[in-house]
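missing the sequence, but the structure's below:
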């Protein structure tokens, strides 16, 4: 999903933080478990908030999207976008994240 640099990422529902930190070349990753057999994966974060095992309420900030254009110099001021990767898995199968997230 295209976002603006500095976008705050929040959880849509209460969830337990299962993993947070760097993962391969995905930047910082946050894995949340809102219920048994359901996982939210957010990747491409510059900053992550919380602690592994913490239960966070709906609307709680879990990370912030970075600004890689500042490093690459590829974007004009005010027009840059970054990529936030969102994956939802139910019973270890990827599902459409729109059933959980609404971008209004």
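Alright, I've got the coordinates. All values reported here derive from a predicted model rather than from experimental measurement.

what is the neighbour count of residue 20?
Each residue near residue 20 was counted by other CB atoms under 10 Å, and the total is 21. Yep, even glycine has a C-beta here, placed from its N, CA and C like the rest.

wait, it touches residue 31, no?
Yes - with contact taken as CB atoms under 8 Å, residue 20 and residue 31 are classed as touching, separated by 7.4 Å.

in its sheet, what does the strand or helix carrying residue 62 sit against?
Mapping residue 62 onto the secondary structure by DSSP states H and E places it in strand 61-65. For strand 61-65, the paired strands and their directions (DSSP bridges) are strand 8-10 (antiparallel), strand 38-48 (antiparallel).

need the winner for burial among the ones you listed.
Greatest average neighbour count among these goes to strand 38-48 (a mean of 20), per mean count of other CB atoms under 10 Å.

show me what the spatially most central residue of the chain is bridged to.
Taking CA atoms, centre = their mean, the centroid of the chain lies closest to residue 42, which sits 2.9 Å from it. Assessed by DSSP bridges, residue 42 has beta-bridge partners residue 30, residue 86.
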